[in-house]
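Peer 1: With the input below, show me the fold.
(2 chains)
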Amino acid sequence: MKVFMLRWPTRNGLPPFGFVALLVIALLSLILTAPLVEIELERLGQSLGNFSEFIVNFMVWPNFDYLPTLGVKLLETLQMSLLATAIAIVISLPLGFLAARNATCHPVVYRITRDALSLMRSLPELVWALVFVSAVGLGPLPGIMALAFVTVGFMGKFFAEAIETIDPKAVEGVEAHGASWMQVRLFAMFPQAFPNLAGTMIYVLDHNVRAATILGIVGAGGIGYDMVMSMRLFQYDRLILIALSIYLIVTVLDRLSDYLRNRIIHGAKQ
Amino acid sequence: MSSISIQQAVKRYPNGFEALKGINTEIQAGSFTVILGPSGAGKSTLLRLMNGLETPSSGNVAVGEQIIDKKNVRQIRHHVAMVFQQFNLVERLSVVTNVLTGRLAHRSWVSSMFYLFKPSDMDIAKNALSRVGLVDKAWNRADKLSGGQQQRVGIARALAQQPQIILADEPVASLDPISSEEIMQLLREICTRDQITVVVNLHQVDLARRFADRIIGMNSGQIVFDGSPEQLDNIALQKIYHKEGAEYESFHAALANA
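Peer 2: Numbers count the residues shown, from 1 in each chain, chains lettered A, B, ... in the order given. Model (predicted):
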């Protein structure tokens, strides 16, 4: 007698072995690693008090005298992220082509570019910012360099992947009419990868604004320095303004990117 | 106008499959040739040899006086255009930009860097679009067009190249009968009026009979028929569409129903 009337769409009706094995491995590793990182419910419960205490600190009247300085610092943060993103786009576009299996000029170039890109994004912005601060001194410049550096690593990889997923038929169509190596990349590959690229660009800009807010911690410009200082000096009346303004900027940017993405993918409304 | 000659062309794929088993043929300049044959007979491979999208494992293919090799393949493509079954347009680009890609072979990479063309290229593209009756769609995105219209863009792209030869790989296989008719008429007219050599792969025997000057029949990598449409009788069709081990009678019945 059949107990179960339902079955999976496999040969024997059982779930696929690979999937089950993966699930078991994932669960086992989770159970084994949880004690290692000290996830203890007891401790979490005890720290609730501290947490609420910190939150209560925010219940202060914002210090509006700080607004002008905040504006300047925010503008600097935005400029840093915009500039870094722009520089990174220019550099990562050609690198993206070289790092795409179907667009690269030679397998060795492909390998080297891939490895260079992964080196660039192997460390977070903050660490690269430390490196550049010690190289070129304090200020927004090392911040921009650090942001651009990591962004090239990410965008180059994303671009390469976008290019690898394009439809080879159009490439053949352009190739068959005698277009050169460069022309095929510009006319058949780039337009197809573009919506994907644009999505990545917008996401990266969004990410860079958030990343730029923290770089000030190591003296690499932007709002981060003020944020950390007001936290250390318990100036919650400033901190709440900083937090709110960052939240505002990120939200506006998010809306904007949604709008732009739709425009790019589906074209302008006619 | 340019002729194509194929000598002892063999195409063997890395997995050992022999798509072409020694093809010898000569295609006359200015003629309209249709290649018929069942799927997998090697029609596409043969056509793709003619503009270097595939290279023969042995033997050679010559366009005009030039034997295609790695060095001159781009130069040969300057005057050999191709029309594809799946149109192979860059869907996100406008119709006219797609047609302009037919001009790329005549533009330097520096101007292409900035997507720049000459005004004369634009005139050629517009003319090509008016030939296929799509001037009013010039600024639409290619993927907003119907299948038949997209194929006409494909033909306009081929025309913009001002080629001596147009190769069409099953140009009507994904189209409805009326669009198919239009596309075949367009190709025929291009051949007659512009004296462009046209080679078309087809599945439709009736279209082949009506439009071709000459029909080449292929089966499992070999030419099994070569003659005028009048010579394409049932016996010839049986040779072309014969399947290894298939029943003679059932095949005959299928033909009668067609």
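
Peer 1: secondary structure element for the closest residue in space to A:Val136 that isn't next to it in sequence?
Peer 2: Of all residues beyond its chain neighbours, the one nearest A:Val136 is A:Pro142 (5.2 Å), with distances taken as C-beta to C-beta, 6 or more residues apart in numbering or on different chains. Heads up, the C-betas are built off the backbone N, CA and C, glycines and all. Using DSSP states H and E, A:Pro142 sits in helix A:140-164.

Peer 1: what's the answer for A:Leu6, then?
Peer 2: Here A:Leu6 is assigned to no helix or strand, by DSSP H and E.

Peer 1: next one: phi and psi at it?
Peer 2: Note on A:Leu6: its backbone torsions stand at phi -100, psi 150 [degrees, to the nearest 10].

Peer 1: From A:Phe19, how far out is it?
Peer 2: Shown here: A:Leu6 relative to A:Phe19, a distance of 16 Å by C-beta to C-beta, to the nearest Å.

Peer 1: ok, now B:Leu237?
Peer 2: From B:Leu237 to A:Phe19 the distance is 50 Å (C-beta to C-beta).

Peer 1: Low-confidence stretches in the chain?
Peer 2: Because you didn't say which chain, this covers chain A. Low-confidence segments of chain A (pLDDT under 70): A:1-4, A:39, A:267-270.

Peer 1: other chain: chain B
Peer 2: B:1, B:244-258.

Peer 1: Let me see the contact set for B:Leu129.
Peer 2: By C-beta atoms under 8 Å, 6 or more residues apart in numbering or on different chains, the contact list for B:Leu129 reads B:Val95, B:Val96, B:Val99, B:Val135, B:Lys137, B:Ala138, B:Val153, B:Ala156.

Peer 1: ChimeraX command to pick out the buried ones of these?
Peer 2: The following ChimeraX line selects those of the contacts of B:Leu129 that are buried, judged by 16 or more other C-beta atoms under 10 Å in any protein chain shown:
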select /B:95,96,99,137,138,153,156
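
Peer 1: Out of the contacts of B:Leu129, which sit inside helices?
Peer 2: B:Val95, B:Val96, B:Val99, B:Val153, B:Ala156 (DSSP state H).

Peer 1: Do I have it right that the last one meets B:Ile124?
Peer 2: No - with contacts defined as C-beta atoms under 8 Å, B:Ala156 does not count as touching B:Ile124, sitting 9.9 Å away.

Peer 1: Go through the helix holding A:Pro142 and flag the buried ones.
Peer 2: A:140-163.

Peer 1: Which residues does stretch B:220-229 contact?
Peer 2: B:11, B:18-25, B:36, B:40-42, B:208-210, B:212-218, B:232, B:236, B:239-240, B:244.

Peer 1: Quick one: end-to-end distance for that stretch.
Peer 2: 21 Å (C-alpha to C-alpha, to the nearest Å).

Peer 1: Any idea how far that stretch is from the middle of the chain?
Peer 2: Centre-to-centre, stretch B:220-229 and its host chain are 17 Å apart (C-alpha atoms, centre = their mean, to the nearest Å).

Peer 1: quick one: buried residues of it?
Peer 2: Buried, per 16+ other C-beta under 10 Å, within stretch B:220-229: B:Ser220, B:Gly221, B:Ile223, B:Val224, B:Phe225.

Peer 1: follow-up on the earlier one: which of the contacts of stretch B:220-229 are buried?
Peer 2: The buried subset of the contacts of stretch B:220-229 (16+ other C-beta under 10 Å) comprises B:11, B:19-20, B:22-23, B:25, B:36, B:41-42, B:208, B:212-218, B:232, B:236, B:240.

Peer 1: ok, B:Ala142 - how many residues close by?
Peer 2: Neighbour count of B:Ala142, defined by other C-beta atoms under 10 Å in any protein chain shown: 23.

Peer 1: on that earlier part again, which two among the contacts of B:Leu129 are spaced furthest apart?
Peer 2: Pairwise distances across the contacts of B:Leu129 (C-beta to C-beta) peak at 11.6 Å, for the pair B:Val135 and B:Val153.

Peer 1: Name all residues that make contact with B:Ile215.
Peer 2: Here B:Ile215 is in contact with B:33-36, B:208-209, B:225-229, B:231-232 (C-beta under 8 Å, 6+ apart).

Peer 1: which one among those gets closest to B:Lys118?
Peer 2: Nearest to B:Lys118 among the contacts of B:Ile215, with distances taken as C-beta to C-beta, is B:Thr33, at 33.5 Å.

Peer 1: which helices and strands does the host helix or strand of that closest one pack with?
Peer 2: Assigning secondary structure by DSSP H and E places B:Thr33 in strand B:32-36. Judged by 3 or more C-beta pairs under 8 Å, 6 or more residues apart in numbering or on different chains; DSSP states H and E, the packing partners of strand B:32-36 are helix B:43-49, helix B:177-194, strand B:197-202, helix B:205-211, strand B:214-219.

Peer 1: can you list the residues of the stretch 101-250 of chain A near chain B?
Peer 2: Neighbours of chain B within the stretch 101-250 of chain A, by C-beta under 8 Å from any C-beta of the partner chain: A:167, A:169-170, A:172-180, A:182-183, A:186-188, A:191-192, A:194-195.

Peer 1: Filter those down to the buried ones.
Peer 2: A:167, A:169-170, A:172-180, A:183, A:186-188, A:191-192, A:194-195.

Peer 1: quick one: which of those residues sit in helices?
Peer 2: A:Lys169, A:Ala170, A:Glu172, A:Gly173, A:Val174, A:Glu175, A:Gln183, A:Pro191, A:Gln192, A:Phe194, A:Pro195.

Peer 1: For the fifth one, which non-adjacent residue is closest in space?
Peer 2: Excluding the flanking residues, the one nearest A:Val174 by C-beta to C-beta, 6+ apart is A:Ala188, at 4.0 Å.

Peer 1: In this structure that neighbour contacts A:Lys169, no?
Peer 2: No - in this structure, A:Ala188 is not within contact of A:Lys169 by C-beta under 8 Å, at 9.3 Å.

Peer 1: show me the residues around residue 216 that make contact.
Peer 2: Because you didn't say which chain, this covers chain A. A:Gly143, A:Gly222, A:Ile223, A:Gly224, A:Tyr225, A:Asp226, A:Met227, A:Val228 are the contacts of A:Gly216 under C-beta under 8 Å, 6+ apart.

Peer 1: hmm, I had chain B in mind actually
Peer 2: Contacts of B:Ile216 by C-beta under 8 Å, 6+ apart are B:Thr25, B:Thr33, B:Val34, B:Ile35, B:Leu36, B:Ile223, B:Phe225, B:Asp226.

Peer 1: And for A:Ile87?
Peer 2: Counting by C-beta under 8 Å, 6+ apart, A:Ile87 has contacts A:Ile144, A:Ala148.

Peer 1: who's in contact with residue 13?
Peer 2: Just so you know, I chose chain A. A:Arg7.

Peer 1: Can you look at chain B instead?
Peer 2: B:Ala19.

Peer 1: distance of it from B:Asn51?
Peer 2: B:Tyr13 is 19 Å from B:Asn51, by C-beta to C-beta.
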